[in-house]
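Engineer: I'd like to go over a predicted model; first the sequence, then the structure.
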Amino acid sequence: MKVIPRDQHCVSRKDISPNALKVMARLREHDHQAYLVGGAVRDLLLRGHPKDFDVATEATPEEVHALFRNSRIIGRRFKIVHVRFGREIIEVTTFRGHHESDGKPGSQGAKQSHRGLLLRDNVYGTLEEDAVRRDLTVNALYYDSGSFEVFDQVGGLEDLKARQIRVIGDPDKRYREDPVRMLRTVRFAAKLDFAVETGSRKPIQNLGKLLDDIPAARLFDEFGKLFLTGNAQATLKLLREYQMFEHLFPDSARLADGNAFYASLLDAAMANTDDRIRADKPVTPAFILAAILWPALCERREQLERQGEKSFPALHSAGQEVTAQACQRIAIPRRFSMPMREIWEFQPKLKKTEGRRVVELMSQRRFRAAYDFLLLREQAGEDCGGLGEIWTRLQEEHGPIEVKPAGRDERRPPRRRRRGGRRNSSPS
Ligand code: ATP
Ligand code: MG
């Protein structure tokens, strides 16, 4: 294990959340080891600003929970402890150990399916063991806020310097254990603008199909991290290059491959989303999903029209079917799929640009998103007869309009995070 003393790295306590420091200090006071780990150390070493601070310790979840009144144990697949300080949550994970499949004893807590997928992983271990259970070398660096040292068991520092993403251990095996790691490889390569080391890239081509076995709810979580964290454009490009997009959105991937307009619609939607995040404007999965699934929607609508359905009913049924189909893979909650479909169904309404209907349309709560979507279609090269410009002018002429209140579906506050199931900072 490489130990890097304080004067040879740039991680500094002043850049670390005081709450994370508090948690680590308290663990140390009780004779436990405690390290900052994962994305926080990676981002600090890259002189960036971590979005959250994860802590790793040898103390069991129960021991950690006993030390913090403001904590609770979450997760079943991977038990972790959340220590809450107002809005901030410090995630504390217990070092993971080896598994039966590694030929090491003491692994009653682990369970693996016949295809090598990890089902349960509550075997505890040492820092050294924990490091090799993590996904990427750059995500497996540890910082000791007591001694100010950085610990590197897997060559993460070298990879950070070389700006490359490398899977720890045998990539083929690690991807089989948890296929979501393939998405994480791409996500971090896009986010950090790192290259993917050859050995970590090659197996993805063959293994992409394993994503089909991942629970749809987990894929929706990943979807958000892939497309709503400011690097959607680069991420989509890599996902398509690595042939993974087709396992997330099969119809859209197929149609975008054969149609330049759809491809540029997707690209423009991603670029717009990234711009909005950079400008600190809110983004919603509904809008970006409306764009991603638009090719599939158009195809299905045309089929239905050819079968004799009238234009609006065809659009409506196509929306329903395409949503249901997409949800089999990626569980889109209704509070996003409803507005997504409303954006679609608003598109033909925007063809009416005269009469009293105009103000009525502008006052509908989905107008703004639908108008943005129209602009997106035009930006991607669709000929909408100059409608975008007309609506821009109409809005300017009319000035501010009172938007109708939200329907029942939207007034409901978003649900809090699910209790179980979520795993984040714990390696497996
Ligand atoms: P960010 O939070 O900036 O997106 P992160 O690296 O902190 O990046 P998380 O998803 O928060 O990513 O996970 C925290 C850490 O847990 C990772 O750095 C990695 O070490 C480990 N980890 C997360 N998911 C997995 C996984 N599927 N397999 C192995 N290790 C994982
Ligand atoms: Mg994190």
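Structural biologist: Done, it's in. All values reported here derive from a predicted model rather than from experimental measurement. Ligands and ions are numbered 1, 2, ... in the order given.
Engineer: CA atoms for contacts and neighbours, from now on please.
Structural biologist: Fine.
Engineer: quick one: stretch 241-255 to chain centroid distance?
Structural biologist: Mean C-alpha position of stretch 241-255 versus that of the full chain (CA atoms, centre = their mean, to the nearest Å) differs by 17 Å.
Engineer: helix/strand/coil for residue 298?
Structural biologist: helix (DSSP: H, G, I helix; E, B strand; the rest coil).
Engineer: spatially nearest residue to the residue in the stretch 251-400 of the chain that ligand 1 sits nearest to (excluding sequence neighbours)?
Structural biologist: Residue nearest to ligand 1 within the stretch 251-400 of the chain: residue 277 (15.3 Å; CA to the nearest ligand atom). Of all residues not flanking residue 277 in the chain, residue 230 sits nearest, at 5.7 Å (CA to CA, 6 or more residues apart in numbering).
Engineer: and if you look at residue 347?
Structural biologist: Using CA to CA, 6+ apart, the nearest residue to residue 347 is residue 370, at 6.5 Å.
Engineer: check residue 127 too.
Structural biologist: Distances taken as CA to CA, 6+ apart put residue 95 closest to residue 127, at 6.1 Å, once the chain neighbours are dropped.
Engineer: hang on, the earlier thing: burial check on the residue nearest to residue 277, number of neighbours?
Structural biologist: Using other CA atoms under 10 Å, the number of residues around residue 230 comes to 22.
Engineer: okay, it and residue 294: tell me how far apart.
Structural biologist: Distance of residue 230 to residue 294, computed by CA to CA, to the nearest Å: 21 Å.
Engineer: swap in residue 380?
Structural biologist: For residue 380 relative to residue 294 (CA to CA), the value is 12 Å.
Engineer: neighbour count for those two, which is higher?
Structural biologist: Under the neighbour definition other CA under 10 Å, residue 380 and residue 294 were set side by side, and residue 294 has more, 24 against 19.
Engineer: list of residues touching the helix or strand harbouring that one?
Structural biologist: Per DSSP states H and E, residue 294 falls inside helix 285-306. The contact list for helix 285-306 (CA atoms under 8 Å, 6 or more residues apart in numbering) reads 224, 228, 249, 251-252, 255-256, 262, 265-266, 269-270, 273, 311, 314-315, 317-319, 322, 336-337, 339-341, 343-344, 369, 373.
Engineer: so of those residues, which ones are in strands?
Structural biologist: In strands, defined here by DSSP state E, there are no members of the contacts of helix 285-306.
Engineer: buried only: go through these for me.
Structural biologist: Neighbour counting over the contacts of helix 285-306 (16 or more other CA atoms under 10 Å) leaves 228, 249, 251-252, 255-256, 262, 265-266, 269-270, 273, 314-315, 317-319, 322, 336-337, 339-341, 343-344, 369, 373 as the buried ones.
Engineer: which parts of the stretch 1-150 of the chain sit against ligand 1?
Structural biologist: Residues of the stretch 1-150 of the chain lying close to ligand 1 by CA under 6 Å from any ligand atom are 38, 39, 133, 134, 135, 139, 140.
Engineer: can you get me a residue count around the fifth one?
Structural biologist: Residues contacting residue 135 under the criterion other CA under 10 Å number 26.
Engineer: what's the answer for the first one, then?
Structural biologist: By other CA under 10 Å, 28 other residues sit near residue 38.
Engineer: gap between it and residue 353?
Structural biologist: For residue 38, the distance to residue 353 equals 53 Å [CA to CA].
Engineer: equivalent analysis for the last one, please.
Structural biologist: When CA to CA is applied, the distance between residue 140 and residue 353 equals 57 Å.
Engineer: which of these two has more neighbours?
Structural biologist: residue 140 (27 against 15).
Engineer: residue contacts, that one?
Structural biologist: By CA under 8 Å, 6+ apart, the neighbours of residue 140 are 37, 38, 131, 132, 134, 152, 153, 154, 156.
Engineer: partners of the first one in the sheet?
Structural biologist: Going back to what we said before, that points to residue 37. On the basis of DSSP bridges, residue 37 is bridged to residue 54, residue 142.
Engineer: quick check: pLDDT value at it.
Structural biologist: We have a pLDDT of 97 for residue 37.
Engineer: and for the fifth one?
Structural biologist: You'll see residue 134 listed with a pLDDT of 96.
Engineer: wait, it sits on residue 168?
Structural biologist: Yes - the criterion here is CA atoms under 8 Å, and residue 134 meets it with residue 168 at 7.0 Å.
Engineer: quick one on the thing from earlier: from what I see, the residue nearest to residue 127 and residue 78 are in contact.
Structural biologist: No - contact between residue 95 and residue 78 fails when scored by CA under 8 Å: they sit 11.1 Å apart.
Engineer: not counting its neighbours along the chain, what's nearest residue 224?
Structural biologist: Spatial nearest neighbour of residue 224, chain neighbours left out: residue 285 (7.3 Å); criterion: CA to CA, 6+ apart.
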